[in-house]
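Enquirer: This is the structure alone, sequence omitted:
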């Protein structure tokens with residue numbers, strides 16, 4: 001049950017993430033040449049829930065915070081990946097440097113669906129995780145939906 005609740009929470013948080021970036025980017029004035037400060041504010045705010053959880057756990061006591069250095073290295077690499085994605089999201093949604101603004105109902109399915117495809121393949125090939133028929137069919141359906149979204153945006 002906890003797993004289902006966590007999956008739902010993560011889904012809603014990522015949905016908010018995508019929608020709020022789009023809303024923020026829609027407030028970028030036409031005279032702006034960069035959205036880097038909005039990205040900076042967003043990335044700074046990611047510390048709020050992390051620091052809140054850390055504070056609660058620290059006050060509770062009994063938690064072990066020691067991690068292997070490789071965990072920190074991979075966390076840093078993940079941070080660089082999401083940071084680069086966030087910078088690109090703002091440019092994509094604000095239209096800076098483009099002929100037109102990409103709508104969230106087109107961009108998000110393409111990005112999230114593409115992410116599903118990349119992660120499924122990478123987890124099978126690089127991480128040696130199990131990959132059976134249900135994953136293949138599900139991934140194919142998702143990628144087909146992404147393809148349709150891209151070809152027929154309206």
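Expert: Sure, I can see it. What you see is a predicted model; the values in this text were computed from it and never measured.

Enquirer: tell me the contacts of residue 120?
Expert: By CB atoms under 8 Å, 6 or more residues apart in numbering, the contact set of residue 120 is 131, 135, 139. Every residue, glycine included, has its C-beta placed from N, CA and C.

Enquirer: Tell me which helix or strand comes right after the helix or strand harbouring residue 53.
Expert: Following DSSP states H and E, one finds residue 53 within helix 47-60. Downstream of helix 47-60, the next assigned helix or strand under DSSP H and E is helix 69-94.

Enquirer: Which SSE is immediately downstream of that following helix?
Expert: Remark: after helix 69-94, the chain's next helix or strand is helix 104-125, criterion DSSP H and E.

Enquirer: buried set for that next one?
Expert: 104, 107, 108, 109, 110, 111, 113, 120, 124 (16 or more other CB atoms under 10 Å).

Enquirer: Could you give the average pLDDT over that helix?
Expert: Per-residue pLDDT values over helix 104-125 give a mean of 87.

Enquirer: List the buried residues in the helix or strand just after it.
Expert: Next in sequence after helix 104-125, counting helices and strands by DSSP H and E, comes helix 133-151. Buried residues in helix 133-151, counting neighbours by 16+ other CB under 10 Å, are found at 139, 142, 146, 149.

Enquirer: again with stretch 57-68
Expert: Of the residues in stretch 57-68, none is buried (16+ other CB under 10 Å).

Enquirer: That stretch: how far from the chain's middle?
Expert: Between the centre of stretch 57-68 and the centre of its chain there are 27 Å (CA atoms, centre = their mean, to the nearest Å).

Enquirer: can you check stretch 13-23 too?
Expert: 9 Å.

Enquirer: Likewise for stretch 67-87?
Expert: Worked out by CA atoms, centre = their mean, stretch 67-87 lies 13 Å from the chain centre.
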